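Undergrad: following is a predicted model, sequence given first.
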Amino acid sequence: MARVRTTYRCGACGTATPKWAGRCSGCGAWGALVEGPDTVLGGPTVASGEAAMPVTELDEGGSVARATGIAELDRVLGGGLVPGSVTLLGGEPGIGKSTLLLQVAGSVAARREPVLVASGEESAGQVRRRAERLGALHPCLWVAAEGSVPRLLAHVDELQPALVVVDSVQTLADPEVASAAGSVGQVTACAARLVAEAKARGLAVVMVGHVTKDGALAGPRVLEHVVDTVLSFEGDRHHALRLIRAVKHRFGPTGALGVFEMADEGLRAVPDASGLFLADRQAGVPGSVVVPTIDGSRPLLVEVQALVAPSALGTPRRSAQGVDGGRLALLLAVLERRVGLSFATADVFASAVGGVRLVEPATDLGLALALASSALGRPVPHDVVACGEVGLGGELRQVVHTPRRLTEAARLGFRWAIVPGTAVTGSSGLEVMRADDLAGAVRLCGLLGPLVDGVAHDGWPPTDGGEGRAATPGWALPRSAA
């Protein structure tokens with residue numbers, strides 16, 4: 001039985017102290033300490049008292065995943081939800097968390113398995129209207145507008161569901177904890193009790209968690225430690241694309257990525273994400289390069305765009321959307337010092353198309369080529385992909401999983417790949433061109449002159465006055481040619 005004692009706890013970080021102080025010793029927040037019996041002691045989440053046994057004689061305990069019926073989610077979870085597991089789904093407001101979980105609940109209920117949706121943020125009528133829009137109206141789907149943990153568990157005792165969806169954990173409250181719903185103490189106590197009940201009953205529980213303005217899960221850090229799986233639901237509300245990935249998963253790897261598209265009827269799985277990213281791409285436009293990336297364990301082809309234009313400002317603008325602003329500044333410096341392109345009087349805009357965010361160093365080469373292409377007004381051939389890390393000396397460094405990246409590019413019809421000279425490419429079906437430094441890669445694309453090593457194919461490199469070729473602006477010429 002859990003014991004409760006009176007203490008002072010910080011509402012920002014959860015640090016407890018036996019007496020009040022004006023400033024929290026944990027995070028430095030002023031006036032954040034609140035008195036109350038909100039420190040829970042004891043209360044293990046997993047049953048104890050069993051004798052120790054050799055690991056070879058232990059039973060799996062029924063930890064076999066059961067499919068949710070949502071293919072992309074099952075991919076991330078390694079097959080589905082495990083009975084007795086607790087999953088925490090976090091994401092920005094309005095991104096589609098409730099929609100996704102109601103689709104999951106409807107899919108499980110369609111198999112005639114009872115599902116309980118406990119909504120503390122919406123009324124039962126609102127949930128019913130959303131279920132109707134999503135096609136999730138099933139007699140085995142039960143809805144309770146409930147925010148009390150004891151009453152929620154009473155519903156569980158009555159219905160004996162196979163799945164419980166809690167939307168959200170910040171709206172739950174335990175009467176034994178004298179603090180408001182959403183406080184550090186309430187979130188900790190409610191989560192610990194739900195985990196204990198899920199383990200004891202063999203019940204799969206999925207909880208929605210709020211996030212802070214920085215994108216981190218709100219509440220105490222212990223919330224992420226106590227659950228079995230933490231899912232991150234990402235995307236831009238101005239784009240239809242949604243990405244789901246496992247930040248923590250005790251029943252499998254965390255490298256899988258699920259891709260969804262928001263439609264009128266709800267979230268729709270996207271099995272071919274690369275095709276979606278490249279669907280609206282225009283060939284022959286300067287500043288466009290396709291980069292084969294790896295997100296988790298899944299290869300994706302993403303178009304990187306750059307626009308370099310003369311600036312009338314004393315300090316030219318640098319704008320990055322979907323790519324790291326620090327990497328953009330680094331690549332501009334390398335292009336100027338190692339290749340000879342000048343951006344001192346130009347506004348530079350860089351973007352990853354489709355609302356995706358690229359953070360891995362493998363996108364350096366593609367972004368650098370897009371910047372050079374836009375500055376010189378010459379398009380990179382449309383059937384070329386590029387991947388590699390760019391160093392401060394202008395050298396190109398190999399990246400992991402290059403063969404998988406190139407195989408995905410070959411599947412979508414690309415013919416050429418520009419990679420670092422030391423990269424291991426395997427047999428992908430692409431014509432591989434190697435460059436030791438960034439200047440060599442720029443020349444391989446035909447942006448500074450003829451191709452090296454006699455590598456060429458029809459229409460490449462572009463000739464002066466060719467279709468889709470803009471005049472080279474004098475302000476962006478290499479210093480050696482100006």
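TA: Received it, and whenever you're ready, just let me know what you need.
Undergrad: run a quick neighbour tally on L371.
TA: Around L371 there are 29 other residues, counting by other C-beta atoms under 10 Å. In short, each C-beta sits where N, CA and C put it, glycine included.
Undergrad: now do the SS call for it.
TA: helix (DSSP: H, G, I helix; E, B strand; the rest coil).
Undergrad: residue contacts, it?
TA: L371 is in contact with 287, 306, 308, 331-332, 335, 341, 343, 348, 350, counting by C-beta atoms under 8 Å, 6 or more residues apart in numbering.
Undergrad: in strands, which of these fall?
TA: Members of the contacts of L371 lying in strands (criterion: DSSP state E): 306, 308, 348, 350.
Undergrad: out of those residues, which is nearest to F233?
TA: Using C-beta to C-beta, A350 comes nearest to F233 of these, at 25.6 Å.
Undergrad: so what's that closest one up against?
TA: Contacts of A350 (C-beta under 8 Å, 6+ apart): 304-307, 319-321, 323, 328, 367, 370-371.
Undergrad: how much space between it and E389?
TA: Plainly put, A350 is 17 Å away from E389 if you go by C-beta to C-beta, to the nearest Å.
Undergrad: quick check: the farthest pair among the ones in strands among the contacts of L371?
TA: Among the ones in strands among the contacts of L371, the pair separated by the greatest distance (C-beta to C-beta) is V308 and A350, at 9.4 Å.
Undergrad: in the stretch 301-450 of the chain, where is pLDDT below threshold?
TA: Scanning the stretch 301-450 of the chain for pLDDT under 70 picks out 449-450.
Undergrad: circling back to that earlier point, can you redo the contacts of L371 as CSV with distance to G209?
TA: As requested, the contacts of L371 are arranged in CSV below (distance: C-beta to C-beta, whole Å):
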residue, distance to G209
G287, 39
A306, 36
V308, 41
L331, 36
L332, 38
L335, 42
L341, 46
F343, 42
V348, 37
A350, 32
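Undergrad: burial of L301, as a residue count?
TA: Residue neighbour count, defined by other C-beta under 10 Å, stands at 22 for L301.
Undergrad: can I assume it sits in a helix?
TA: No - applying three-state DSSP, one finds L301 to be strand, outside a helix.
Undergrad: right, and T229 touches A246 too?
TA: Yes - T229 lies in contact with A246 (C-beta atoms under 8 Å); the separation is 6.3 Å.
Undergrad: joint contacts of the two?
TA: Common neighbours of T229 and A246 (C-beta under 8 Å, 6+ apart) are L77.
Undergrad: flag every buried residue along the helix ranked longest in the chain.
TA: What stands out as the longest helix in the chain, according to DSSP state H, is helix 184-201. Residues 184-199, 201 are the ones in helix 184-201 that count as buried (16 or more other C-beta atoms under 10 Å).
Undergrad: who are the packing partners of it?
TA: On a contact count with 3 or more C-beta pairs under 8 Å, 6 or more residues apart in numbering; DSSP states H and E, helix 184-201 meets strand 3-10, strand 33-41, strand 86-91, helix 149-159, strand 204-209, helix 222-226.
Undergrad: quick one: these as JSON lines, columns for mean neighbour count, mean pLDDT and distance to L77 too.
TA: As requested, the helices and strands packed on helix 184-201 are arranged in JSON lines below (neighbours: other C-beta atoms under 10 Å; pLDDT from 0 to 100; distance: least, C-beta to C-beta, whole Å):
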{"stretch": "strand 3-10", "mean neighbour count": "17", "mean pLDDT": "64", "distance to L77": "33"}
{"stretch": "strand 33-41", "mean neighbour count": "18", "mean pLDDT": "55", "distance to L77": "29"}
{"stretch": "strand 86-91", "mean neighbour count": "26", "mean pLDDT": "94", "distance to L77": "8"}
{"stretch": "helix 149-159", "mean neighbour count": "15", "mean pLDDT": "95", "distance to L77": "22"}
{"stretch": "strand 204-209", "mean neighbour count": "25", "mean pLDDT": "95", "distance to L77": "10"}
{"stretch": "helix 222-226", "mean neighbour count": "16", "mean pLDDT": "86", "distance to L77": "17"}
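Undergrad: and the ones you listed: which comes nearest L406?
TA: strand 86-91 (32.3 Å).
Undergrad: from the chain's centre, how far out does that closest one sit?
TA: Centre-to-centre, strand 86-91 and its host chain are 13 Å apart (C-alpha atoms, centre = their mean, to the nearest Å).
Undergrad: residues in contact with that strand?
TA: Here strand 86-91 makes contact (C-beta under 8 Å, 6+ apart) with 77, 81, 97, 100-101, 169, 191, 194-195, 198, 204-211, 217, 223-224, 226-235.
Undergrad: quick one: that strand to strand 204-209, angle?
TA: Using axes from the mean of the first three to the mean of the last three C-alpha atoms, to 10 degrees, the inter-axis angle of strand 86-91 relative to strand 204-209 is 30 degrees.
Undergrad: walk me through which strands strand 86-91 pairs with, and which way each runs.
TA: Its sheet considered, strand 86-91 pairs with strand 204-209 (parallel), strand 229-235 (parallel) by DSSP bridges.
Undergrad: just checking, what packs against the following helix or strand past the longest one?
TA: The reference is to strand 229-235. Note on strand 229-235: by DSSP states H and E, the next helix or strand toward the C-terminus is strand 241-249. Packing partners of strand 241-249 (3+ C-beta pairs under 8 Å, 6+ apart): helix 71-77, strand 229-235, strand 257-263.
Undergrad: ok, now with 6 Å
TA: Here strand 241-249 touches strand 229-235, strand 257-263, going by 3 or more C-beta pairs under 6 Å, 6 or more residues apart in numbering; DSSP states H and E.
Undergrad: out of the ones you listed, which one sits most buried?
TA: strand 229-235 (a mean of 21; mean count of other C-beta atoms under 10 Å).
Undergrad: contacts for that one?
TA: Strand 229-235 is contacted by residues 87-91, 95, 97, 224, 241-249 when judged by C-beta atoms under 6 Å, 6 or more residues apart in numbering.
Undergrad: ok so, going back, redo the helices and strands packed on strand 241-249 as a markdown table? Include mean pLDDT.
TA: Below are the helices and strands packed on strand 241-249 laid out as a markdown table (pLDDT from 0 to 100):
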| stretch | mean pLDDT |
| --- | --- |
| strand 229-235 | 92 |
| strand 257-263 | 90 |
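Undergrad: compare the ones you listed and give me the one nearest E57.
TA: Among the helices and strands packed on strand 241-249, the nearest to E57 by C-beta to C-beta is strand 229-235 (26.6 Å).
Undergrad: tilt between that closest one and strand 241-249?
TA: Angle of strand 229-235 versus strand 241-249, following the same axes, to 10 degrees, is 160 degrees.
Undergrad: between strand 229-235 and strand 257-263, how big is the angle?
TA: Angle of strand 229-235 versus strand 257-263, following the same axes, to 10 degrees, is 50 degrees.
Undergrad: distance from the chain centre to strand 229-235, please.
TA: In terms of C-alpha atoms, centre = their mean, the centre of strand 229-235 is set 7 Å apart from its chain centre.
Undergrad: just the CA trace of that strand, in CSV.
TA: Extracted C-alpha coordinates of strand 229-235, given in CSV (Å, rounded to 0.1, in the frame of the first residue of the first chain):
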residue,chain,number,x,y,z
THR,A,229,6.6,2.5,-24.7
VAL,A,230,6.9,6.2,-25.6
LEU,A,231,5.7,7.2,-29.0
SER,A,232,6.4,10.6,-30.6
PHE,A,233,3.8,11.9,-33.0
GLU,A,234,5.2,14.7,-35.2
GLY,A,235,4.3,16.8,-38.2
